[in-house]
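*Asks:* From the sequence below, what's the structure:
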Amino acid sequence: MSKLVIENLSRIFPAVHGGPAVTALQPTNLSIGDNDFVTILGPSGCGKSTLLRMVAGLDRPTTGTIMLDGRRITAPGPDRGMVFQSYTLFPWLTISQNIAFGLTEKGMNAAEAKEIVASYIDKVGLRGFENHWPKQLSGGMQQRTAIARALANNPAILLLDEPFGALDNQTRALMQELLLGIWEREKKTVLFVTHDIEEAIFIASRCLVMSARPGRIKADLSINLPYPRHYTLKTSPEFSDLKARLTEEIRAEAVLAAAH
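*Replies:* You can find the predicted model right below:
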């Protein structure tokens, strides 16, 4: 059974100051299965983040429907965990309090919430930093906290919008492995937007490529590389072949985008 079903989904932003209306996303159909790890690639402005924001309930579609576990999405909800590129932690809350935020909001008793928070502190490797403030942590540690906060609510799907985009290469590679490890243990469904072709291949079971604006899904590629994945996989011939194919797909769209 599909976890997420998107039918005829489009987004047109109305005209501003007499300019033309902007079609960010052409009518799109997409079905994502349980425990799929799907990455979305595409040139800037192709509608990747717009699509993700509509699944999150942060933006309303112009046409179409989004169904998650058979329920229609019309607003944000705890069944979707969202992680942004910028570190969206509450600066006035400690790391533990940030991770517990959703649990506290839904009225979970303190002892149960504390147990869940402790388990995610361990899973993302932040033991010893529970009582630190976000500003005392590196970018990578702040993103670990944001991922732990999203997962602590036990969402049906995890949505990530270029979550490692602001990190240095080494930290980024470690975060990819961390997220993959959590995904393998937790059996979550993940939808992950990225600009990075290597990242898209390394973490995904399936990779979507979007066209230049107005965006549509122009390629849907299964990534048939074995799990668990080790960083040395990035130097394998199979990985290189996938990278060459996706680079060509993206390049063609980037050239089109630049011509407009």
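*Asks:* quick one, strands of the stretch 1-150 of the chain?
*Replies:* Secondary structure of the stretch 1-150 of the chain by DSSP state E, counting those that start in this stretch: the strands cover 2-13, 22-33, 37-41, 63-68, 71-72, 80-83.
*Asks:* tell me the most buried of these?
*Replies:* strand 37-41 (a mean of 25; mean count of other CB atoms under 10 Å). All C-beta spots, glycine's among them, are computed from the backbone N, C-alpha and C.
*Asks:* could the strands of the stretch 1-150 of the chain be laid out in CSV, adding mean pLDDT and distance to residue 246?
*Replies:* Putting those into CSV (pLDDT from 0 to 100; distance: least, CB to CB, whole Å) gives the following:
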stretch, mean pLDDT, distance to residue 246
strand 2-13, 92, 22
strand 22-33, 94, 18
strand 37-41, 96, 6
strand 63-68, 96, 26
strand 71-72, 96, 32
strand 80-83, 93, 23
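*Asks:* Let me have those strands in a markdown table, extended by distance to residue 127.
*Replies:* Formatted as a markdown table, these follow (distance: least, CB to CB, whole Å):
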| stretch | distance to residue 127 |
| --- | --- |
| strand 2-13 | 31 |
| strand 22-33 | 33 |
| strand 37-41 | 26 |
| strand 63-68 | 33 |
| strand 71-72 | 36 |
| strand 80-83 | 21 |
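*Asks:* For the stretch 101-250 of the chain, just list every one of the helices.
*Replies:* Using DSSP state H, counting those that start in this stretch, the helices of the stretch 101-250 of the chain run over 110-123, 139-152, 169-186, 197-203, 237-259.
*Asks:* For the stretch 1-150 of the chain, give me the ranges with low pLDDT.
*Replies:* For the stretch 1-150 of the chain, the stretches with pLDDT under 70 are 1-2.
*Asks:* residues in contact with the residue at minimal distance from the centre of the chain?
*Replies:* Taking CA atoms, centre = their mean as the criterion, residue 160 is the residue nearest the geometric centre of the chain, at 1.9 Å. Going by CB atoms under 8 Å, 6 or more residues apart in numbering, residue 160 touches 82, 83, 147, 179, 190, 191, 192, 193.
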